[in-house]
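Asks: got a sequence here, can you model it:
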Amino acid sequence: MNMNRLKQLRRAKGYTQIKMQMLTGIDQSDYSKLENEIRYMTFEQCKRLAVALDTSMDYLAGLTDEPRPYPRKPSY
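Replies: Got it, this is the predicted structure:
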């Protein structure tokens with residue numbers, strides 16, 4: 001996974017790691033480890049991060065260079 005993308009997206013949105021914790025429920029210290037490639041994200045974490053950063057899981061995983069998210073189902 002490309003954690004530089006994670007950091008770049010977060011900074012582009014003007015979010016702090018604490019803001020990411022509030023948006024995703026991922027503890028700030030765990031989030032920091034994800035950004036610094038000390039730890040790999042789980043599927044659920046990747047999903048939460050993609051939603052919070054308005055991108056796709058494929059982009060976070062480095063499978064595409066297109067940062068725009070896919071169309072999402074409405075949440076009820």
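
Asks: when you work out contacts or count neighbours from here on, use the C-alpha atoms and nothing else.
Replies: Fine.

Asks: pretty sure Y40 is touching Y31, no?
Replies: No. Y40 is beyond contact range of Y31, at 9.9 Å (criterion: Cα atoms under 8 Å).

Asks: higher neighbour count, these two?
Replies: Neighbours were tallied for Y40 and for Y31 using other Cα atoms under 10 Å; the higher tally belongs to Y31 (24 against 16).

Asks: what ranges do the helices span in this protein?
Replies: Assigned by DSSP state H, the helices in the chain fall at 3-12, 17-24, 28-35, 43-52, 57-61.

Asks: now these in a markdown table, with mean pLDDT?
Replies: Below are the helices of the chain laid out as a markdown table (pLDDT from 0 to 100):
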| stretch | mean pLDDT |
| --- | --- |
| helix 3-12 | 91 |
| helix 17-24 | 97 |
| helix 28-35 | 95 |
| helix 43-52 | 96 |
| helix 57-61 | 93 |
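
Asks: quick one: which of those helices is nearest R68?
Replies: Of all these, helix 57-61 sits nearest to R68, with 8.2 Å by Cα to Cα.

Asks: how far off centre is the closest one?
Replies: A distance of 8 Å separates the centroid of the chain from that of helix 57-61, by Cα atoms, centre = their mean, to the nearest Å.

Asks: how about stretch 40-53?
Replies: 5 Å.
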